[in-house]
Structures are given as structure tokens and as C-alpha cells.
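J.: Make a model of this:
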Amino acid sequence: GGRTRGARPPGGRATLMLPALIATDVDGTLLDADERVTPRTRQAVRAAVAAGTEFVLATGRPPRWIAPVVDALGFAPMAVCANGAVIYDPSSDRILSARTLPVDLLAELAEIATRVIPGAGLAVERVGRSAHDSATPQFVSSPGYEHAWLNPDNTEVSMSDLLSAPAVKLLIRKAGARSADMAEELVKHIAVQGDITYSTNNGLIEVNPIGTSKATGVEEVARPLEITAEDVVAFGDMPNDVPMLRWAGLGVAMGNAHPEAIAAANEVTAPNTDDGLARVLERWWL
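T.: This is a model prediction of the structure:
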């Protein structure tokens, strides 16, 4: 808030001169329903990059889930991971920076979460120096944690082990619950300790280090390139994309987006199943 948005003609779209940087969410945005990058979207992204535009992934995914996206794109863009907590360079497989929830704070958050959401399971994401740092068990969960997705790659540990090391993200999961309801309840108790968000509706809350979002992560990548928010076009579909959609000079919500993402955006494009991202990029690069 406070900053003037891109000029928005009455009833029209915000205008943006040629964007210097494209920042996009991955799941539900860049990828289609089959988790693929369609030929049309790949072509639009690669045309922008060929013209010299920076391209950054901004995702809730951890670094170890970036490789398939890089393979689908055919090049290795910088990746803002874990909702902004981690900056990862897939071309060198290096974690460039990580913001974490310290151990004492994790214990406090765990106590609140288990009290406020009875029956909730907890998990944490940690990072090492590379995407698959064998010295760091990266995704650990408490006993009985039920996954929000298929093929989990977690290590189940005791609650004391779970809380024994700093984490880039705390996951609070309750099968059968709605993420929005959980967030509404948790935010009453966790206002100052961490930033609460979610990227799926099926009972999974993500707590990030306070003041950390996809917006702060993309800004961390853009700043050394001397690119400011005004020259960024951002794409997203869920509440964890809201700060980035608000921050960017042109925030674009997907046609399949959550109402909060639509409210935060300057405009809405077609769904991820209909090349919504490509349709916007093609205005500049065809």
C-alpha cells in the first residue's frame, strides 16, 4: 500500500511498459492441470528471456522440487522458494540465502498450533547448502502427520526432533479441514510470530518467518539487478501470491485464482489450463 499503482484507465487494465522482470508462481499458474508447462507457455517465456527480460520462479515449493520445473522450461531461472524464505539458484544448485524460524519460536508456534487446531499434525522444511543436501533432513514431520499431496518425501521424527533446528517453513496440517478456516483461527494467536498463508485449500497452513513473502523474495532477486517493483509483472493464483501481486507494477491473477488473489491483482487472465500466463506475455513478446 501507499505506492501508486500502474496507471489504470477507467474500466481498463493497468499499463506497464516492457517489463524488466517476470515473477511467476508455479503450481496453478505456470503449470497446467497435469503439472506441465505447455508449448505455448514455454514459447512465450523463452521469447521474453531471449529479449533480455529476467524470469524468476516464486513458489511455496522447496528447492528440491524445482528441478522438474527447470526441465519443463528448458532453462534454469532463479527461484524464490518456500514463499520467499529461500533464494535458490538451480543452475549452480546453491541456496543463496535463507530466512528461518528460530528454534525457540518454532516451539512457541507448535504449542499454539496444536492447542488452537486440535488434531493438527506439524512438519517443517529446512534447507542446507544445495537442493538435496544429504547432511540436512529437509522435510520432517511429526508422527501421524497426514500429507496434503501424494508421494511425500518426508522423514517422520519425534516432536522434539522436529523442533530442534531452525526451519524456513512450518506446516500445520489437518486432514478434512479448510485452510481458510484454519488461517482465520491461527491468525488470532500468531499475529506477531510468523506470517500465515496457504497455497492449497485442503487443510494446510504455511507459517513463514515474519515479514517474509514472495514479494520480499522477488525483491531480493530484483534489487541487485536494479529492477524496481514498477517494472515487474507477477502472476499467481493463491493467498500466498497476494503480497507479490500487490507489490508488482502489474499483478496478474489467473482465471482459476482464489478470490483473495483476484482482489489483489490489477487484472485477471485466462486459467492455467488455458495458457493464461502466455496470453499476457504475448502482448510484449510474440
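
J.: Low-confidence stretches in this structure?
T.: 1-16, 134-136, 148-153 (pLDDT under 70).

J.: just checking, what's the longest helix in it?
T.: Using DSSP state H to define each element, the chain has its longest helix at helix 103-116.

J.: Does anything pack onto that one? Which helices or strands?
T.: Judged by 3 or more Cβ pairs under 8 Å, 6 or more residues apart in numbering; DSSP states H and E, the packing partners of helix 103-116 are strand 121-125, strand 169-173, helix 179-187. C-betas here are computed from N, CA, C, even on glycine.

J.: Report the contact partners of residue 281.
T.: 22, 44-45, 47-48, 233 (Cβ atoms under 8 Å, 6 or more residues apart in numbering).

J.: contacting residues around the residue nearest in space to the middle of the chain?
T.: Nearest to the geometric centre of the chain sits residue 59, at 2.8 Å (Cα atoms, centre = their mean). Residues near residue 59 by Cβ under 8 Å, 6+ apart: 25-27, 65-66, 79-81, 83, 214.

J.: Quick check, residue 207 in contact with residue 194.
T.: Yes: when contacts are counted by Cβ atoms under 8 Å, residue 207 is listed as touching residue 194 (4.2 Å).

J.: count of neighbours near residue 74?
T.: For residue 74, the neighbour count with other Cβ atoms under 10 Å is 11.

J.: neighbours around residue 75, how many?
T.: Residue 75: 13 neighbours (other Cβ under 10 Å).

J.: Excluding chain neighbours, what is closest to it?
T.: residue 49 (6.7 Å; Cβ to Cβ, 6 or more residues apart in numbering).

J.: Which strand or helix spans that neighbour?
T.: Residue 49 belongs to helix 39-50 when assigned by DSSP states H and E.

J.: I would like the residues contacting that helix, please.
T.: 19, 22, 30, 32, 37, 55, 72-75, 77, 275, 277-278, 281-282, 284-286.

J.: Same question for stretch 255-273.
T.: 5-6, 8, 13-14, 28-33, 201, 235-239, 241-242, 245-246, 250-254, 274, 276-277, 279-280.

J.: Ok, stretch 145-165 next?
T.: Contacts for stretch 145-165 (Cβ under 8 Å, 6+ apart): 64, 103, 106-107, 110, 121-124, 126, 137, 139-143, 173, 175, 200, 202-204.

J.: cutoff 6 Å now
T.: With Cβ atoms under 6 Å, 6 or more residues apart in numbering as the contact definition, stretch 145-165 has outside contacts at 106-107, 110, 121, 123, 126, 137, 139-143, 173, 175, 200, 202, 204.

J.: send the alpha carbons of it over as CSV?
T.: C-alpha atoms of stretch 145-165 as CSV (Å, rounded to 0.1, in the frame of the first residue of the first chain):
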residue,chain,number,x,y,z
TYR,A,145,1.2,-36.1,10.0
GLU,A,146,-1.2,-36.6,7.1
HIS,A,147,0.0,-35.3,3.8
ALA,A,148,-1.8,-32.7,1.6
TRP,A,149,-0.3,-34.2,-1.5
LEU,A,150,0.7,-37.6,-3.0
ASN,A,151,4.2,-39.1,-2.9
PRO,A,152,5.6,-37.2,0.1
ASP,A,153,9.3,-37.3,0.8
ASN,A,154,9.3,-36.7,4.5
THR,A,155,11.2,-38.2,7.4
GLU,A,156,8.9,-38.9,10.4
VAL,A,157,10.6,-37.8,13.7
SER,A,158,9.6,-37.1,17.3
MET,A,159,8.2,-33.7,18.1
SER,A,160,11.3,-32.7,19.9
ASP,A,161,13.5,-33.6,16.9
LEU,A,162,11.1,-31.7,14.6
LEU,A,163,11.6,-28.5,16.7
SER,A,164,15.3,-29.0,17.2
ALA,A,165,16.6,-27.0,14.2
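
J.: Cheers, nothing more for now.
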